Structure formats: C-alpha cells, structure tokens
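Undergrad: requesting a structural model of the entry that follows:
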Amino acid sequence: MKALVQRVAEATVVIEGDAVGKIGQGLVIFLGIEKGDSERDLSYLLKKVAHLRIFADDKKKMNLSVQDIRGAVLVISQFTLSADCRKGNRPSFENAEKPLQAKEMYLQFIDGMRKMGITTEEGNFGAFMAVHLINDGPVTMMLDSKI
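TA: Residues are numbered from 1 along each chain as shown. Have a look, this model is predicted:
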C-alpha cells in the first residue's frame, strides 16, 4: 500500500463542478492499494500518517503531527501510484488491486483516520477528480507499507 502525503495549507476535491471534500491545514493523502495488501499494511499506514511529524513547532522545526496541530486530512484514491513504468513508455497497472477490494481498503483507511479523531474528507473512489491544493513547504512524502 502506498500513500503520497502532501502537507497543505488547504485543499479541495471537485467532481463534475461540485466540491465534495475540503480541508484547511493538514494533509492530502493520495492512497494506492496494491495486490497483496492486507490489514497489516492498512494499520501501518494509518499509524504512520497520523503520527508523521512534518508540521512546524514554535521553533520552526518539523516536530508535530497532523493530530498535534488538530489538522485535517483529505484522502484521494490513486491507483496510478501502483504504476510500473520500467518497460516502454506506457505504464502498467498490473500491481493495482481490483476495484472492489481496493475500494473496501480505501474506505477502511478513511474510517481508521476518523476513529483516531482526525477530521477526514474524501474524494469518490474511481471518479475523475480535480484536486486543488496549496502545498505548504512544499512538503511531500512517499510512504510504502512494504518497505
């Protein structure tokens, strides 16, 4: 399971002209579910994202988590994180989990964030979405439950 995490000042996800999710300061999480991902992968990324210390403290040092600052998260399904671009110029998505299983884990991730007390907004699984964000820093991290 992969998560591309971006620290943001604000973010909105728009589907067919309608804002379906909007946050202020916090994290945008692009979540990619891959074949073979399990509850262990899900648990690992939930804990890692919630406790990742990438927000500045009073000394301007990255020392606070999204929970510490009472920030929010916006979770977007992103099967393209599973792309294999090693052969040719057209990506292969064979590593991406099948839609039904991936959607279930995506929804479990969102539920897990909420159970940790983190305000959580979401896109629509499988929809074409426009994500508007103001990257704060910029700070962008790639997390992988398999590494």
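Undergrad: distance check, residue 80 against residue 124.
TA: Separation of residue 80 from residue 124 (Cβ to Cβ, to the nearest Å): 16 Å. (Glycine included, C-beta is placed from N, CA and C.)
Undergrad: this structure: strands as residue ranges?
TA: 2-15, 18-23, 26-32, 55-56, 62-64, 72-77, 119-122, 130-144 (DSSP state E).
Undergrad: can you pull the contacts of residue 66?
TA: With contacts taken as Cβ atoms under 8 Å, 6 or more residues apart in numbering, residue 66 has the following neighbours: 26, 27, 49, 50, 52, 55, 72, 73, 118.
Undergrad: could you check the pLDDT of the residue lying farthest from the centre of the chain?
TA: Summary for the chain: using Cα atoms, centre = their mean, the residue whose C-alpha lies farthest from the chain's mean C-alpha position is residue 88, with a distance of 27.9 Å. With respect to pLDDT, residue 88 has a value of 91.
Undergrad: got it, and the one 5 residues further on?
TA: pLDDT, the model's per-residue confidence, is 95 for residue 93.
Undergrad: my guess is it meets residue 85, correct?
TA: No. When contacts are counted by Cβ atoms under 8 Å, residue 93 is not listed as touching residue 85 (10.4 Å).
Undergrad: higher neighbour count, these two?
TA: Comparing residue 93 with residue 85 by other Cβ atoms under 10 Å, the one with more neighbours is residue 93, at 13 against 9.
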